[in-house]
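S.K.: This is a predicted model, with the sequence first.
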Amino acid sequence: MLKLIVTTILIAVTLSGCATQNTAWKSNYVIPSIVKDASMNIGGTTYTYEFAQEQVVSKITFSPVEEEIATIKAKAENNLWPEEKLKSEIDQLVKTTGMGYFIVVGYAMTIGMASDGVMCAMLVQDNAKVDERCMEGIANIPGSNDMWWNLTSLSTRKLDNTKPFEVRVVNAISNQITKMVFTPKTTA
């Protein structure tokens, strides 16, 4: 009987979901768990953003392409790359990431709920998927928050930076969706 109660509690906790901040990611824009009226610059457009739900089972960071270009230039200087290699690396980065990319970390209570494509992240604009990637492979070992985690990145290459968009994380087992809404700021 006690085993059944404990199992029921674990299932309830797993399905309800919860998360804490993992501060291992370096980015100009770390998006806190529950945010209201915050803003960031994406491709020259200032966006306000907010989570549309109370419980969050993901962490989202944005890395602008300018930050990544600076990293590539430093690497090129340190490793004495020829100019053509530097140009090729920067061109490839801009081609694949556009204005930058979002790193999406999904958290789950069990290894199975965070592994092998169970969690997917998507960039949605005008009710259409702009980019979608599932979190593949075996989840990473829980840290101080006791949550299994996995990650992926989303490119802004096909994003129209003049329109609203969403970043969503969907867990196929629990059917839980974490949604962050980005709205361009208008000048009054």
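M.R.: Yep, that arrived.
S.K.: hey, let's count contacts and neighbours off CA atoms from now on
M.R.: Noted.
S.K.: quick one, helices of the protein?
M.R.: Secondary structure of the chain by DSSP state H: the helices cover 2-16, 65-78, 83-97.
S.K.: which residues in the protein form strands?
M.R.: 29-31, 38-42, 45-51, 58-64, 100-108, 119-125, 128-134, 148-155, 165-171, 177-184 (DSSP state E).
S.K.: how about those in TSV, adding distance to residue 75 and mean neighbour count?
M.R.: Formatted as TSV, the strands of the chain follow (distance: least, C-alpha to C-alpha, whole Å; neighbours: other C-alpha atoms under 10 Å):
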stretch	distance to residue 75	mean neighbour count
strand 29-31	22	18
strand 38-42	24	16
strand 45-51	28	19
strand 58-64	17	23
strand 100-108	18	24
strand 119-125	30	24
strand 128-134	28	17
strand 148-155	22	23
strand 165-171	30	23
strand 177-184	32	20
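S.K.: could those be laid out in a markdown table, adding mean pLDDT?
M.R.: Listed next are the strands of the chain as a markdown table, based on pLDDT from 0 to 100:
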| stretch | mean pLDDT |
| --- | --- |
| strand 29-31 | 45 |
| strand 38-42 | 84 |
| strand 45-51 | 86 |
| strand 58-64 | 88 |
| strand 100-108 | 92 |
| strand 119-125 | 96 |
| strand 128-134 | 96 |
| strand 148-155 | 94 |
| strand 165-171 | 93 |
| strand 177-184 | 90 |
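S.K.: For the ones you listed, could you give me a markdown table that also reports distance to residue 85?
M.R.: Formatted as a markdown table, those follow (distance: least, C-alpha to C-alpha, whole Å):
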| stretch | distance to residue 85 |
| --- | --- |
| strand 29-31 | 29 |
| strand 38-42 | 27 |
| strand 45-51 | 30 |
| strand 58-64 | 21 |
| strand 100-108 | 20 |
| strand 119-125 | 31 |
| strand 128-134 | 28 |
| strand 148-155 | 23 |
| strand 165-171 | 33 |
| strand 177-184 | 35 |
